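>>> Build me a model from this:
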Amino acid sequence: MSTITIDGFKLTAAQVVSVARAPHLKVALAESSRAALKQSRDYIESTWMHDEAPMMYSFNTGVG
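Below is the predicted model:
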């Protein structure tokens, strides 16, 4: 069984279709992407997700 690794740079439309049509395929998140997501999340939480933060549409207005 093959694994499609999401790294933020090389995901193709064909790979997306493959996963949609064959849900038994494995999908993994690359460690570099996991680290980048954590860094972004940490920044968002420390900058925007507290009571003193200025209003920022979609971060603290409940969109999404």
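>>> pLDDT value on Met1, please?
Note on Met1: pLDDT of 63.
>>> To clarify, my last question referred to Asn60.
Asn60 is assigned 55 on the pLDDT scale.
>>> what does Gln39 give?
If you check Gln39, the pLDDT there is 95.
>>> Export the helix or strand hosting it to CSV, keeping only CA atoms.
Under the criterion of DSSP states H and E, Gln39 resides in helix 31-48. Provided in CSV are the C-alpha atoms of helix 31-48 (Å, rounded to 0.1, in the frame of the first residue of the first chain):
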residue,chain,number,x,y,z
GLU,A,31,7.2,16.4,9.7
SER,A,32,8.3,19.7,8.1
SER,A,33,4.7,20.6,7.5
ARG,A,34,3.7,19.5,10.9
ALA,A,35,6.3,21.9,12.4
ALA,A,36,5.2,24.7,10.1
LEU,A,37,1.5,24.2,11.2
LYS,A,38,2.5,24.2,14.8
GLN,A,39,4.5,27.4,14.4
SER,A,40,1.6,29.1,12.7
ARG,A,41,-0.9,27.9,15.3
ASP,A,42,1.3,29.1,18.1
TYR,A,43,1.6,32.5,16.5
ILE,A,44,-2.2,32.8,16.0
GLU,A,45,-3.0,31.7,19.5
SER,A,46,-0.4,34.0,21.1
THR,A,47,-1.3,37.0,18.9
TRP,A,48,-5.0,36.8,18.2
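>>> With that, I have no additional questions.
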